[in-house]
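# Next come a sequence and a model predicted from it.
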Amino acid sequence: MHVLSIAGSDPSSGAGIQGDMKTFNAFGAHGLSVVTAITSQNTSRFFGVEPVSPLLVKSQIRSILEDFQIDAIKIGMVYDKQTVRAIRSELEKIKIPIILDPIFKSTTGGILQTESAFSDFKKLLIPLCHIITPNTTEAEKISGIKIRSLKNMKSAAMKIQKMGAKNVIIKGGHFLKGIKVTDLLLEDKKFSIFSHTRMKFESHGGGCTFSAALCANIARGKKLSDAVDSARLFTVESIRNATKIGRGLPIITPTKGDVIENQLSNAISEFCSIESIYEYIPECQTNFVYSTSNPTTLKDVMGLEGRIVRTGKFVTIAGNLKYGGSKHIASAVLEMARKFPSMRSSLNIKYDEKIIKKAVFKGMKVSSYDRSKEPLTIREREGRTMSWGIKAAITNLKTPPDIVFHKGGFGKEAMILIFGKNPIDVLGKILKIVR
Ligand code: PXL
């Protein structure tokens with residue numbers, strides 16, 4: 001997964017480009033960066049800013065887009081009119097989702113966008129974005145609507161959407177006295193409300209962290225409301241984790257994302273980009289799973305709620321990753337890990353005798369089971385077949401197999417399961433077979 005941040009440099013590394021790279025990294029994404037301006041600031045004071053020339057901004061964007069396949073782009077600080085125009089001209093024709101984080105002032109009061117850039121910012125950048133992520137103050141400035149109630153917040157979101165943003169999330173409404181903070185998402189025509197407890201202290205970099213986390217989640221293909229929810233939780237955790245490194249505001253410190261999810265998500269993206277991989281997707285489609293160590297229930301195994309689906313000569317990821325998302329392949333891993341605890345990841349592909357021969361030729365250890373031998377008592381109990389099969393295939397083994405297959409049965413599709421210690425290990429085995 002590759003994500004791009006087009007933003008300003010913050011030498012304190014709480015916000016801006018530096019903050020974004022920390023967040024992208026926590027999500028297991030490779031972060032690319034285009035610097036639009038250089039600020040001089042620390043955790044208490046803002047000293048100054050100089051924009052990078054529009055020509056150099058354009059050339060940075062071009063240099064990245066011509067080399068990398070980018071899954072999502074975040075736009076942060078855009079200082080002046082010339083920079084707005086430079087970004088617009090480079091991005092107006094591309095199809096990559098853009099997360100626009102409007103940034104006008106730093107937490108310490110520095111001006112991060114000139115007043116004269118504001119009208120072009122609205123006219124030229126808002127219509128490009130998949131989602132815009134203002135806080136209430138920024139939303140008030142953009143919409144011209146004072147936000148004192150949820151009703152105002154909704155009106156502001158609709159007004160911003162009319163300006164061309166496909167979706168809008170306004171963060172941090174606090175109307176109910178006290179502890180709750182409300183975030184409002186307007187997705188197409190639908191509103192959703194998220195609320196969380198207000199943090200006791202301010203920290204430097206919260207807004208950037210949220211939009212960068214949202215960018216990483218959108219890059220992963222998450223549904224927008226799930227992407228927002230994940231970014232929100234991540235930001236709350238990172239603020240809780242903020243550390244007072246300098247003398248002023250604490251610096252936000254991204255928590256590590258879920259390592260299982262990061263690894264699996266990256267491996268799924270790589271799997272899908274293998275040439276001709278569609279030929280290996282079975283009728284019942286493919287799932288790819290990875291468990292925590294010593295899994296005991298399906299909830300310990302992360303997998304796609306949907307499947308990796310064959311769509312003509314391509315494959316598409318349908319559904320989100322979730323613990324408990326898979327039943328069949330997850331059951332196989334549970335059974336395998338019961339005997340061989342190091343084997344925690346698996347993926348299923350179409351059965352073909354040639355694949356088995358090639359795997360054996362490449363030195364892989366292959367085992368199998370015969371579905372026609374499945375006892376009726378197992379067959380009648382929903383979801384038990386896979387565990388029974390894997391158990392049958394490994395009972396007599398002293399070391400774990402790389403592959404377990406069965407040749408099907410009446411009305412049952414034949415299948416190959418590839419096992420590994422982790423998704424990268426599984427991917428390596430797939431590549432040996434496919435290439
Ligand atoms: O958090 C907003 C922000 C974005 N970008 C840069 C910043 C700041 C806040 O200070 O410095 C470069």
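Sure thing, it's come through.

# drop to CA atoms for contacts and neighbour counts, all remaining ones
Noted.

# could you pull out the strands for the stretch 301-435 of the chain?
Secondary structure of the stretch 301-435 of the chain, counting by DSSP state E, counting those that start in this stretch: strands at 301-304, 307-311, 314-318, 321-323, 345-350, 366-368, 403-406, 415-420.

# Quick check: residues of the stretch 1-150 of the chain near the ligand?
8-10, 15-16, 77, 103, 106-107 (C-alpha under 6 Å from any ligand atom).

# Can you pick out the ones from the residues you listed that are in strands?
Using DSSP state E, the members of those that fall within strands are 8-9.

# What about the nearest residue to residue 297 once chain neighbours are set aside, how many residues nearby?
Nearest residue to residue 297, sequence neighbours excluded (C-alpha to C-alpha, 6 or more residues apart in numbering): residue 334, at 7.2 Å. By other C-alpha atoms under 10 Å, the residues close to residue 334 number 27.

# Residue 299 is in contact with residue 334, correct?
No - counting by C-alpha atoms under 8 Å, residue 334 does not reach residue 299; the two are 10.3 Å apart.

# Could you dump the strands of the stretch 301-435 of the chain into TSV with mean neighbour count and distance to the ligand added?
Below are the strands of the stretch 301-435 of the chain laid out as TSV (neighbours: other C-alpha atoms under 10 Å; distance: least, C-alpha to the nearest ligand atom, whole Å):
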stretch	mean neighbour count	distance to the ligand
strand 301-304	26	33
strand 307-311	19	37
strand 314-318	17	33
strand 321-323	21	30
strand 345-350	26	39
strand 366-368	20	53
strand 403-406	23	49
strand 415-420	23	42
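
# As JSON lines, those strands with mean pLDDT would be great.
Shown next, in JSON lines, are the strands of the stretch 301-435 of the chain (pLDDT from 0 to 100):
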{"stretch": "strand 301-304", "mean pLDDT": "96"}
{"stretch": "strand 307-311", "mean pLDDT": "95"}
{"stretch": "strand 314-318", "mean pLDDT": "93"}
{"stretch": "strand 321-323", "mean pLDDT": "91"}
{"stretch": "strand 345-350", "mean pLDDT": "98"}
{"stretch": "strand 366-368", "mean pLDDT": "98"}
{"stretch": "strand 403-406", "mean pLDDT": "98"}
{"stretch": "strand 415-420", "mean pLDDT": "98"}
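
# And the residue nearest the centre of the protein?
Of all residues in the chain, the one closest to the mean position by C-alpha atoms, centre = their mean is residue 217, 2.7 Å from it.

# Nearest to residue 54 among the strands of the stretch 301-435 of the chain would be which one?
Nearest to residue 54, of all those, is strand 314-318, at 37.4 Å by C-alpha to C-alpha.

# What are the contacting residues of the closest one?
Contacts of strand 314-318 with the rest of the structure, by C-alpha atoms under 8 Å, 6 or more residues apart in numbering, involve 272, 276-278, 304-310.

# ditto for stretch 344-353
Residues contacting stretch 344-353 (C-alpha under 8 Å, 6+ apart): 280-283, 285-293, 329-330, 332-334, 336-337, 405-407, 414-423, 426.

# end-to-end on that stretch?
Using C-alpha to C-alpha, to the nearest Å, the end-to-end distance of stretch 344-353 comes out at 25 Å.

# Please parse the protein into its domains.
Split into domains by automatic domain parsing, the chain comes to 2-257, 261-434.

# Would you map the helices across this protein?
16-26, 54-65, 81-91, 118-120, 136-143, 150-162, 206-219, 224-240, 259-272, 328-339, 353-361, 376-379, 385-394, 423-434 (DSSP state H).

# Need these in JSON lines (columns: mean pLDDT).
Output for those, formatted as JSON lines (pLDDT from 0 to 100):
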{"stretch": "helix 16-26", "mean pLDDT": "94"}
{"stretch": "helix 54-65", "mean pLDDT": "98"}
{"stretch": "helix 81-91", "mean pLDDT": "98"}
{"stretch": "helix 118-120", "mean pLDDT": "98"}
{"stretch": "helix 136-143", "mean pLDDT": "96"}
{"stretch": "helix 150-162", "mean pLDDT": "96"}
{"stretch": "helix 206-219", "mean pLDDT": "93"}
{"stretch": "helix 224-240", "mean pLDDT": "85"}
{"stretch": "helix 259-272", "mean pLDDT": "87"}
{"stretch": "helix 328-339", "mean pLDDT": "97"}
{"stretch": "helix 353-361", "mean pLDDT": "97"}
{"stretch": "helix 376-379", "mean pLDDT": "81"}
{"stretch": "helix 385-394", "mean pLDDT": "96"}
{"stretch": "helix 423-434", "mean pLDDT": "94"}
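
# now the ones you listed as CSV including distance to residue 128?
Shown next, in CSV, are the helices of the chain (distance: least, C-alpha to C-alpha, whole Å):
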stretch, distance to residue 128
helix 16-26, 20
helix 54-65, 15
helix 81-91, 8
helix 118-120, 12
helix 136-143, 15
helix 150-162, 11
helix 206-219, 15
helix 224-240, 17
helix 259-272, 25
helix 328-339, 40
helix 353-361, 46
helix 376-379, 54
helix 385-394, 47
helix 423-434, 35
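
# Can you say which of those is nearest to residue 191?
Nearest of the helices of the chain (C-alpha to C-alpha): helix 150-162, 7.9 Å.
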